[in-house]
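Engineer: Just to be clear, the model below is a prediction. Sequence and coordinates:
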Amino acid sequence: MDHAQFRLVIPSQTRYLNLVTGLAKRAALVAGMDDATAAKVSIAVDEAVTNVILHAYHGEGEHSVELEVRFTEEALEIHILHSGQGIRQDQVVLPDPKEYIKHPRKGGLGLLLMSRFMDEVRFQEDGGSGRNECCLIKKIG
Amino acid sequence: MADLSIEVQEVDGVAVILPAGFINAHTVREFEDAMESLVKAGRYTILLNCRDLSYISSAGLGAIMGLIETVREHGGDILLSNLQENVFAIFDTLGFTQLYRVFSDQGAALAAAAPERKG
């Protein structure tokens, strides 16, 4: 099977989150995942796009966020590209859920959900465009 | 249809919140406002009936986390019921099912809330 891919570009506004999570869920179903797995993929995409809008772009709504969805034989890949402030892989620190339970507080859980719900989460610079990228990979089967 | 609508009921002395739709970074303020209004009004036992909640992201979890200490300091609690599979998966994955009491239905949650009910 040939690899297929498509792109969606949205303004950096949270009002479009529901649109991209719906797309991510549908893409996961098309890739052959079950409903529960597709729901997890959509949550991971929500968290990644929210991070871009609120942190990379500091809540400024006039920028754009690009989602590139790639279907391969082994996995569904969702690449989230932006020109805002990037994060390096070595800056990613996942909170300890046990500490959260002992000391409840707001924030910091998005990265943890992304890492738990996807098989791979990578932060990198896109070689072609120089933009920053968050790559989410979910294996099929 | 709106991404989120919120209904608040009073049942057997417990404040019951019924969010319907999606709680994400876009809608979380509305959810947070509803929860905070109850706490400000002295309602420290809150049941979150999630029967019509399709989805909650970490933004929504943060809103709940932000109030849990306050309500417990006042002898109350935040209880959860009727979680759909994917919503339960989010709470469970993060270990929150150890932090919150989760019930299959509203009746069971209300029965458990009885000892801490506030007038």
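Structural biologist: Good, I have the coordinates.

Engineer: For chain B, what lies in contact range of chain A?
Structural biologist: Within reach of chain A by C-beta under 8 Å from any C-beta of the partner chain, chain B has these residues: B:3, B:22, B:24-26, B:55, B:57-59, B:61-63, B:65-66, B:68-69, B:85-86, B:89-90, B:93-96, B:98-99. From N, CA and C alone the C-beta is placed, and that goes for glycine too.

Engineer: from memory A:G61 sits against A:Q13, does it?
Structural biologist: Yes - the pair A:G61 / A:Q13 is scored as a contact, 4.4 Å apart, by C-beta atoms under 8 Å.

Engineer: overlap in contacts of those two?
Structural biologist: Shared contacts of A:G61 and A:Q13, defined by C-beta atoms under 8 Å, 6 or more residues apart in numbering or on different chains, are found at A:I53.

Engineer: Between the two, which is the more surrounded one?
Structural biologist: A:Q13 (16 against 12; other C-beta atoms under 10 Å in any protein chain shown).

Engineer: Would you mind finding the longest helix in chain A?
Structural biologist: helix A:35-51 (DSSP state H).

Engineer: So it, near chain B or not?
Structural biologist: Yes - Helix A:35-51 comes into contact with chain B (C-beta under 8 Å from any C-beta), by way of A:35-36, A:39-40, A:42-43, A:46-47, A:50.

Engineer: pLDDT averaged over stretch B:33-51 - what is it?
Structural biologist: Per-residue pLDDT values over stretch B:33-51 give a mean of 96.

Engineer: Packing partners of the helix or strand harbouring B:E69?
Structural biologist: Element membership of B:E69 [criterion: DSSP states H and E] is helix B:58-73. With contacts taken as 3 or more C-beta pairs under 8 Å, 6 or more residues apart in numbering or on different chains; DSSP states H and E, helix B:58-73 sits against helix A:35-51, helix A:110-117, strand B:14-23, helix B:28-40, strand B:45-49, strand B:77-81.

Engineer: Indicate which one of those is closest to A:G130.
Structural biologist: Smallest distance to A:G130 across these (C-beta to C-beta): 19.2 Å, for helix A:35-51.

Engineer: List the contacts of the closest one.
Structural biologist: Contacts of helix A:35-51 (C-beta under 8 Å, 6+ apart): A:10, A:14, A:17, A:20-22, A:24-29, A:33, A:65, A:67, A:76, A:78, A:80, A:110-111, A:113-114, A:117-118, A:121, A:134, A:136, A:138, B:24-25, B:55, B:57-59, B:85-86, B:89-90.

Engineer: how deep is B:V87 tucked in, by neighbour count?
Structural biologist: Around B:V87 there are 20 residues (other C-beta under 10 Å).

Engineer: actually B:A108, not the one I wrote
Structural biologist: B:A108 has 15 nearby residues by other C-beta under 10 Å.

Engineer: cool, A:L81 as well?
Structural biologist: Residues within reach of A:L81, counting by other C-beta under 10 Å, total 21.
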